[in-house]
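In: give me a 3D structure for the following:
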Amino acid sequence: MEFRSVCILTDNAPRLAAFYETVLEEAPLVEGSHYSFAKAQLSVYDPGGVTVAADKNMQLIYTVPNLMATYERLLKQLPGLRVVSPPQRRPWGAFSFWFLDPDGNTVSILEQPSGTSAV
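Out: The predicted structure is shown next:
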């Protein structure tokens, strides 16, 4: 079995896709109300009738080579970004920050030093 991608079901795909286009610095492939970000292995889809759940039980995690540069870029490009945990070294050693997307899903950006594999 091989992991393929994550699809976030939403009641506002254009809004969520625009948010992730800024975060990921990748334009999505748009097919109706389905937006796919191939490089990020993420899609956003409004199949109709979706109720966005208040309780979230997962976190999307992406790695970058320079955490602080990404953090500063997102704060500048996404005014009102809901940061839930600013950049810090985690007890397990990761250097990361966490924020919420417009639907309340948690996204973690993790600094990945060159020459190491993702956790």
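
In: give me the pLDDT for the residue nearest in space to the middle of the chain.
Out: Most central in the chain under C-alpha atoms, centre = their mean is V107, positioned 4.5 Å from the mean C-alpha point. pLDDT recorded at V107 is 96.

In: same thing with T116?
Out: In this model, T116 carries a pLDDT of 54.

In: all further residue positions should be reported with the first residue as 59.
Out: In the new count, where the first residue is 59, that last one comes out as T174.

In: can you confirm the residue nearest to the centre of the chain is in a helix?
Out: No. The assignment for V165, made by DSSP: H, G, I helix; E, B strand; the rest coil, is strand rather than a helix.

In: next up, identify which helix or strand the closest residue to it other than its chain neighbours is on.
Out: Leaving out its chain neighbours, the residue that sits closest to V165 by C-beta to C-beta, 6 or more residues apart in numbering is L118, at 4.8 Å. C-beta here means a position set from N, CA and C on the backbone, and glycine is covered the same way. L118 is located in strand 117-122, with elements delineated by DSSP states H and E.
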